[in-house]
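# here are the coordinates; sequence isn't available:
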């Protein structure tokens, strides 16, 4: 769904930007035309004034005054239109910048959602692998350490194989961001730990984890399973 939405948003944003570009070019052309008209009127008036100074047949004073008033009115009208076009240009330019910012924010948000979906899509698979890790841990703990001798080579080899398998599994966990939580001798944290019991332990500060019944796991910053612990009480 996300992979379909992102190109669609990109196309819509491009259409909006194209519209802004066209509007901007139109405004600039209009402004240039207005400036040309103003210059033309000024030149026209200057030419008439110059001819009058050179002694050519000058128009009557009342006609000249009327032309001046008309020219002044046209200049005021053109100036007002130019100011309006400048305001419209500024408004469209602001909208264009906001559209670019909105598009960038949308891209960042969708990218983050895609990364989260990719990261936590394996959450169920991680829980299954954690169960395998628990089984391997119990298997290694159940082997009688006093029988791991050269005379019992088969048991020793089996035990070493279990240890290697458990180590490799935890390497895979670390590679994919699945981190184990073994908070022995740490301060109890209710966000990451689950207290199963409390007991008095000499020399331990109250609230300290003294027993880890089952280690916990986090997938990046998301808690997959809290560490099940026993806590020292005062």
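Good, I have the coordinates. Since this is a predicted model, take the numbers as computed values, not measurements.

# please enumerate the helices of the protein.
Taking DSSP state H to define them, one finds helices in the chain at 2-53, 61-120, 123-142, 153-175.

# what's the second one packed up against?
Counting contacts by 3 or more C-beta pairs under 8 Å, 6 or more residues apart in numbering; DSSP states H and E, helix 61-120 packs against helix 2-53. C-betas here are computed from N, CA, C, even on glycine.

# distance check, the nearest residue to residue 214 once chain neighbours are set aside against residue 126.
Nearest in space to residue 214, with sequence neighbours left out and distances taken as C-beta to C-beta, 6 or more residues apart in numbering, is residue 228 at 4.2 Å. If you measure residue 228 against residue 126 using C-beta to C-beta, to the nearest Å, the figure is 17 Å.

# the two: which has the busier surroundings?
Set side by side, residue 228 and residue 126 show more neighbours around residue 126, with 19 against 16, by other C-beta atoms under 10 Å.

# what pLDDT is listed against the more buried one?
Reported pLDDT at residue 126 in the predicted model: 88.

# next, the contact list for it, please.
Residue 126 makes contact with 173, 176, 178, 217, 219, 224 under the criterion C-beta atoms under 8 Å, 6 or more residues apart in numbering.

# repeat the analysis, applying 10 Å as the threshold.
Contacts for residue 126 were tallied using C-beta atoms under 10 Å, 6 or more residues apart in numbering; they are 120, 173, 176-178, 217-219, 222, 224-225.

# what's the domain layout of this protein?
By the assignment in automatic domain parsing, the chain contains the domains 2-120, 123-176, 178-234.

# among the ones you listed, pick out the one with the most neighbours on average.
Between the domains of the chain, the one whose residues have the most neighbours on average, counting mean count of other C-beta atoms under 10 Å, is domain 178-234 (a mean of 15).

# now do that domain, average pLDDT.
Computed over domain 178-234, the mean pLDDT rounds to 93.

# how distant is it from the center of its chain?
Relative to the chain's own centre, domain 178-234 is displaced by 34 Å; criterion: C-alpha atoms, centre = their mean, to the nearest Å.

# first vs last residue of that domain, how far apart are they?
Here the two ends of domain 178-234 are set 34 Å apart, with distance taken as C-alpha to C-alpha, to the nearest Å.

# on that earlier part again, now the contacts of residue 126 in a markdown table, with distance to residue 98?
Formatted as a markdown table, those follow (distance: C-beta to C-beta, whole Å):
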| residue | distance to residue 98 |
| --- | --- |
| 120 | 33 |
| 173 | 45 |
| 176 | 40 |
| 177 | 37 |
| 178 | 42 |
| 217 | 44 |
| 218 | 39 |
| 219 | 37 |
| 222 | 34 |
| 224 | 41 |
| 225 | 45 |
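
# let's see which of the residues you listed end up in strands.
Assignment to strands by DSSP state E places the following of the contacts of residue 126 there: 178, 217-219, 222, 224-225.

# what's the closest of these to residue 85?
Of all the ones in strands among the contacts of residue 126, residue 85 sits closest to residue 222, with 54.6 Å by C-beta to C-beta.

# can you pull the contacts of the closest one?
Per C-beta under 10 Å, 6+ apart, neighbours of residue 222: 116, 119-120, 123, 126, 177.

# between the domains of the chain, which has the poorest average model confidence?
When the domains of the chain are ranked by mean pLDDT, domain 2-120 comes last with a mean of 69.

# and the contacts of residue 222, which is closest to residue 158?
Scanning those for proximity to residue 158, where the rule is C-beta to C-beta, the winner is residue 126, at 27.0 Å.

# and the gap between the closest one and residue 72?
If you go by C-beta to C-beta, the gap between residue 126 and residue 72 works out to 81 Å.
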